[in-house]
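Quick one: sequence and predicted model below, then my questions.
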Number of protein chains: 4
Amino acid sequence: MRLIMKNLIEVYKESPETSNMTDKQMKIFRSAIKLFAQKGYKDTSTKEIASGAGVSEGSLFKRFNNKEDLLLAILKPISRVILPEVLVELSTTDQQYDHSNLQDFINVLVRNRLEFFMENIDVIKIFANEFIYDEKIRQDMVAEMPREYITNINNSFDKLKSDQQLIEWDNVEIFRFIFSNIFGYIAQHYFLFKSPKWNEKKEIDHLVDFLVKGLTPTIN
Amino acid sequence: MRLIMKNLIEVYKESPETSNMTDKQMKIFRSAIKLFAQKGYKDTSTKEIASGAGVSEGSLFKRFNNKEDLLLAILKPISRVILPEVLVELSTTDQQYDHSNLQDFINVLVRNRLEFFMENIDVIKIFANEFIYDEKIRQDMVAEMPREYITNINNSFDKLKSDQQLIEWDNVEIFRFIFSNIFGYIAQHYFLFKSPKWNEKKEIDHLVDFLVKGLTPTIN
Amino acid sequence: MRLIMKNLIEVYKESPETSNMTDKQMKIFRSAIKLFAQKGYKDTSTKEIASGAGVSEGSLFKRFNNKEDLLLAILKPISRVILPEVLVELSTTDQQYDHSNLQDFINVLVRNRLEFFMENIDVIKIFANEFIYDEKIRQDMVAEMPREYITNINNSFDKLKSDQQLIEWDNVEIFRFIFSNIFGYIAQHYFLFKSPKWNEKKEIDHLVDFLVKGLTPTIN
Amino acid sequence: MRLIMKNLIEVYKESPETSNMTDKQMKIFRSAIKLFAQKGYKDTSTKEIASGAGVSEGSLFKRFNNKEDLLLAILKPISRVILPEVLVELSTTDQQYDHSNLQDFINVLVRNRLEFFMENIDVIKIFANEFIYDEKIRQDMVAEMPREYITNINNSFDKLKSDQQLIEWDNVEIFRFIFSNIFGYIAQHYFLFKSPKWNEKKEIDHLVDFLVKGLTPTIN
DNA sequence: TATGAATGAGCCTTCATTCAT
DNA sequence: AATGAATGAAGGCTCATTCAT
């Protein structure tokens, strides 16, 4: 089983909106992520971001033309890099893990995504909210997504189906079942009720088991 | 199988914040729900709400002391009535439907909740967003929730478990699996990609099947 | 000789942008005219306008959507009412004054315009400056000007020419000679060097004489 | 008839504010003139000036202490050199052209000034605007004007009057009649309605004729 | 010398809320 | 009860100016 993980910070360093940032600009960027996640985009003032970063408000607008650009600089790399990477992961045909085995497939997928989400929980939270609410941002982000990957998503699912490892439902449905539960796990433990400790390993095992059982074809 | 459904409008009529509303106040209330769902709480001005209702801004503040009270009037009944109702539903011991059958249990639960969500999609959207983002509102709403119901949640689950109809995981986990997928369905079709038509009956069947299979105990 | 005069305040009362103003709004409007004339549009802040009017800044934006709308509310009536009126004056065929007499024609025209300019010197100053500098405002104002009047301008000039009272130059040139000198008079005494008193009657007589002599056809 | 002409660039090379400028500084200076004329002083940012000149903002402030100094460097030479030169021209007693002939006097004066204005239309536009609006700049510029010349203005006029070539009005009035019409010509063709071509020679002939006729004494 | 990142005062504008009518 | 004019704090953003590199 292969575990890949890409921390967003590295992604930001390579993204046009956020490469070559000075120290202060990086502080602004981090301050914005923290505050947007905490209080929401609308509820965070540029003044708060600046003071949270220990710099002047002017510096914020030197790098980011306006508040929305700052938000997009946070969010676009997710569309441009992270989501495509998920799809690549789902459709890869190399031999790093065995696609004819649903258990392995789900296992790697879930753990990779969970790890990524947990590492970048703040950005994911911002993303989740803005994606739901802001039509304009949704379109901006969909526009960023490389089209070629989307068509590839079916490969892995189709392979598993032809091997009778995966139930014959629409790929979009299958996709939704997987991510609803990953996201539900994240939401419960990271967005909503942060404090109490839980048995992480056990719950993730359950999550994988649940998905595998739910998606395994019924034998008649 | 029993299908219950409670439209929120009826609930509002019985809630202290929203009972005895005049026509104008009702218009304001509906206008607020529509706009909050469309653009978010922060992004909706009281002026817009008033003009959307065809009344003056003054009328809005006559009934609701401030903008946040209006939001809470929309959201609190969910905590006070709807969520408890779900729990009651889960823990009811009457014979309206057979709790010893997971298939039936999930079937009724899912269809009831979906119907409710779909009927009240705007309020749910507001709820989802504010609950995630606003700690103060989250606490307000948790405070509204009658404590006694929460402890009852286990009854149905435990009954099903003892009948070996339900897998032996924590009830909270099971609860999460169920609602993650209900919510995922709603989010996909109502929040994110509204336009294309889909085969509703088929997808809901799949959703129920998926949950049942995922939550059925493994036979060794 | 007939002297007509239209004070701008009356014009404003009938203009869509400025009719039905409350007391406070009228104060804002006057404050803006005074300050724009004194310091220029760009150099006057909305805060200054409000405090000059003794009201809050919010009141300004209640009536005028933004600063530029306030400027246009001051300027548009000039295009819409005042300039057309000049042209009507020049082209009128009624018998109130004798068009076959250049002396009389110039005399009435100059005195009417001077009186109007002097009465509304602040607005004229704002107009002069913005018209020269702001292409957008120039076009806005040209758009306001009723087209039908412009074509009529030639009537009076042509009549005087055919009576050999007026030199055979292009009407636009003649128009320019007349208004350059009226405007020069205003600029000298009202814009540039306000303090010293001058012999108003004498200078205006000279201005009329100068124009009449300059525009009378040369006898060969 | 003598035609003199002084391009402002030469004047700037001899002025304390603008002599010994490096290439970059000259670029800044030209960029400022162009932009101030186009959009107005207040509406032009130092950043725009710098980028229009292809240099850094820092370089601008190295040479000119602040934005207003840059404006004054553009305008002061007009007061210090150009206006005095006009007066000298008007009062010169040498024999280059015949002061006893109004026609010749006006002819040379008008053509010289028109040529100068047309050559330096941008600076004139800036001058016109700031002189009207900014009391401080007006005083700065009046202070720059060498006093001795002003008293000499009367010489030529008085000579022409004593020769009965020029009407017996105040010299200031005569001065105004001449410059109102020169400036009106410039404003019409260069500030306001730039596009259509016109018969330049004919209009300037008319302008000279108009002034000569208007200023020739009436014979009783 | 030349740069441009950094600053922060001040600008225009929005908005929830109050209150006289 | 209903209105909407009035308020003023706060928001996003611009810009002349400074200064470390």
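Perfect, I can see it now.

Residue A:196: what's it in contact with?
By CB atoms under 8 Å, 6 or more residues apart in numbering or on different chains, the contact set of residue A:196 is empty. C-beta: built from backbone N, CA, C; applies to glycine.

ok, now residue A:42?
Residue A:42 touches B:40, B:42-43, counting by CB under 8 Å, 6+ apart.

Does DNA strand E have contacts with the strand or helix carrying residue A:74?
Taking DSSP states H and E as the criterion, the element that holds residue A:74 is helix A:67-77. No. Judged by CB under 7 Å from any atom of the strand, helix A:67-77 stays clear of DNA strand E, getting no closer than 13.3 Å.

Any idea how far that helix is from the middle of the chain?
15 Å (CA atoms, centre = their mean, to the nearest Å).

which residues sit against that helix?
Outside of helix A:67-77, the residues within contact range by CB under 8 Å, 6+ apart are A:8, A:11-12, A:15, A:17-18, A:28-29, A:32-33, A:36, A:41, A:46, A:49, A:60, A:64, A:123, A:126-127, A:130, A:137, A:140-141, A:144.

buried residues in it?
Buried residues in helix A:67-77, counted by 16 or more other CB atoms under 10 Å in any protein chain shown: A:67, A:70-77.

Could you give the separation of the helix or strand where residue A:212 lies from the chain centroid?
Here residue A:212 sits within helix A:200-215, counting by DSSP H and E. How far helix A:200-215 lies from its chain's middle: 19 Å, per CA atoms, centre = their mean.

and the angle for that helix with helix B:200-215?
On the basis of axes from the mean of the first three to the mean of the last three CA atoms, to 10 degrees, helix A:200-215 is oriented at 130 degrees to helix B:200-215.

which other helices and strands contact helix A:200-215?
Here helix A:200-215 touches helix A:102-119, helix A:171-186, helix B:171-186, helix B:200-215, going by 3 or more CB pairs under 8 Å, 6 or more residues apart in numbering or on different chains; DSSP states H and E.

Kindly reformat those helices as JSON lines containing mean pLDDT.
Shown next, in JSON lines, are the helices and strands packed on helix A:200-215 (pLDDT from 0 to 100):
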{"stretch": "helix A:102-119", "mean pLDDT": "88"}
{"stretch": "helix A:171-186", "mean pLDDT": "93"}
{"stretch": "helix B:171-186", "mean pLDDT": "93"}
{"stretch": "helix B:200-215", "mean pLDDT": "96"}
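
how about TSV for those, with mean neighbour count and distance to DNA strand F added?
Below are the helices and strands packed on helix A:200-215 laid out as TSV (neighbours: other CB atoms under 10 Å in any protein chain shown; distance: least, CB to the nearest atom of the strand, whole Å):
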stretch	mean neighbour count	distance to DNA strand F
helix A:102-119	19	27
helix A:171-186	21	27
helix B:171-186	21	30
helix B:200-215	19	40
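
quick one: the helix holding residue A:74 near DNA strand F?
Yes. Applying CB under 7 Å from any atom of the strand, one finds helix A:67-77 touching DNA strand F at A:67-68.

Just the C-alpha atoms of that helix, please, in CSV.
What follows is helix A:67-77, C-alpha atoms only, in CSV (Å, rounded to 0.1, in the frame of the first residue of the first chain):
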residue,chain,number,x,y,z
LYS,A,67,-9.6,40.6,-0.3
GLU,A,68,-11.2,38.2,-2.8
ASP,A,69,-7.9,37.6,-4.5
LEU,A,70,-6.5,36.6,-1.2
LEU,A,71,-9.3,34.1,-0.8
LEU,A,72,-8.8,32.7,-4.3
ALA,A,73,-5.0,32.4,-3.7
ILE,A,74,-5.9,30.1,-0.9
LEU,A,75,-8.5,28.2,-2.7
LYS,A,76,-7.4,27.9,-6.3
PRO,A,77,-4.5,25.5,-5.7
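
hmm, which helix or strand of chain A has the shakiest average pLDDT?
helix A:147-152 (a mean of 60; mean pLDDT, DSSP states H and E).

I'd like the distance between the one residue in chain A that gets nearest to chain C and residue A:37.
Nearest residue of chain A to chain C: residue A:66, at 18.1 Å (CB to the nearest CB). With the distance defined as CB to CB, to the nearest Å, residue A:66 ends up 20 Å from residue A:37.

Next: residue A:212.
32 Å.

what does residue A:203 give?
23 Å.

do the same with residue A:218
Relative to residue A:37, residue A:218 is positioned 41 Å away (CB to CB).

Who has more neighbours out of those two?
More neighbours surround residue A:37 than the other of residue A:218 and residue A:37, with 22 against 8 (other CB atoms under 10 Å in any protein chain shown).

Mind telling me what element that one is part of?
If you go by DSSP H and E, residue A:37 is part of helix A:23-39.

export that helix as CSV, just CAs?
Provided in CSV are the C-alpha atoms of helix A:23-39 (Å, rounded to 0.1, in the frame of the first residue of the first chain):
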residue,chain,number,x,y,z
ASP,A,23,8.2,36.7,4.8
LYS,A,24,5.6,39.2,5.6
GLN,A,25,3.4,38.1,2.8
MET,A,26,3.6,34.6,4.0
LYS,A,27,2.6,35.8,7.4
ILE,A,28,-0.4,37.5,5.9
PHE,A,29,-1.3,34.4,4.0
ARG,A,30,-1.2,32.2,7.0
SER,A,31,-3.0,34.7,9.1
ALA,A,32,-5.8,34.8,6.5
ILE,A,33,-6.1,31.0,6.4
LYS,A,34,-6.4,30.9,10.1
LEU,A,35,-8.9,33.6,10.4
PHE,A,36,-11.0,32.6,7.5
ALA,A,37,-11.3,29.1,8.9
GLN,A,38,-12.1,30.4,12.3
LYS,A,39,-14.7,33.1,11.5
